[in-house]
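Asks: Build me a structure from this.
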Amino acid sequence: MELANERVSTPARSLTSSAGRRHASKVDCNSELRHWVLHVIREADRVRDTKKRARFLNLLKDLQKRP
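Replies: Numbers count the residues shown, from 1 in each chain. Take a look at the predicted model:
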């Protein structure tokens, strides 16, 4: 089967170029999780929930051990 040298339609080009951009901007999930855990700890401090704060501090310590 011979492939014809045809131009790719504009919508297809747009879709493939945007897909390439999405992969290039990956977010570091570990830092996002750390940020969220810190937010929960601050919120637990604000409402004076010591049990919740302690649980999330332990989680934060575990996250900091990982590279």
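Asks: got the residue ranges for the helices in this protein?
Replies: 10-24, 29-46, 50-65 (DSSP state H).
Asks: Lowest average confidence across those helices, which one?
Replies: Per-stretch mean pLDDT for the helices of the chain is lowest at helix 10-24 (a mean of 55).
Asks: Okay, the nearest residue to Gln64 once chain neighbours are set aside and Leu57: tell me how far apart.
Replies: Counting by CB to CB, 6 or more residues apart in numbering, Gln64 lies nearest to Arg34, which is 7.8 Å off, once chain neighbours are set aside. Every C-beta, even on glycine, is put in place using the N, C-alpha and C of the backbone. Remark: distance between Arg34 and Leu57 (CB to CB, to the nearest Å) = 12 Å.
Asks: ok, Arg34 - contacts?
Replies: Leu60, Leu63, Gln64 (CB atoms under 8 Å, 6 or more residues apart in numbering).
Asks: What subset of these is buried?
Replies: Buried members of those, counted by 16 or more other CB atoms under 10 Å: Leu60.
Asks: Can I get the contacts of Arg34 in a markdown table including distance to Thr50?
Replies: What follows is these, written out as a markdown table (distance: CB to CB, whole Å):
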| residue | distance to Thr50 |
| --- | --- |
| Leu60 | 15 |
| Leu63 | 20 |
| Gln64 | 21 |
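Asks: Let me know the closest of the contacts of Arg34 to Ala44.
Replies: The shortest approach to Ala44 among the contacts of Arg34 belongs to Leu60, at 11.6 Å (CB to CB).
Asks: closest to Arg48 among the contacts of Arg34?
Replies: Closest approach to Arg48 among those (CB to CB): Leu60, at 18.6 Å.
Asks: What about Arg48? Give its phi and psi, please.
Replies: When quoted as degrees, to the nearest 10, the phi and psi of Arg48 stand at phi 60, psi 50.
Asks: Just give me the neighbour total for it.
Replies: Other residues near Arg48 come to 8 when the count uses other CB atoms under 10 Å.
Asks: same deal with the one 3 residues further on?
Replies: The local packing count at Lys51 equals 8, with neighbours defined by other CB under 10 Å.
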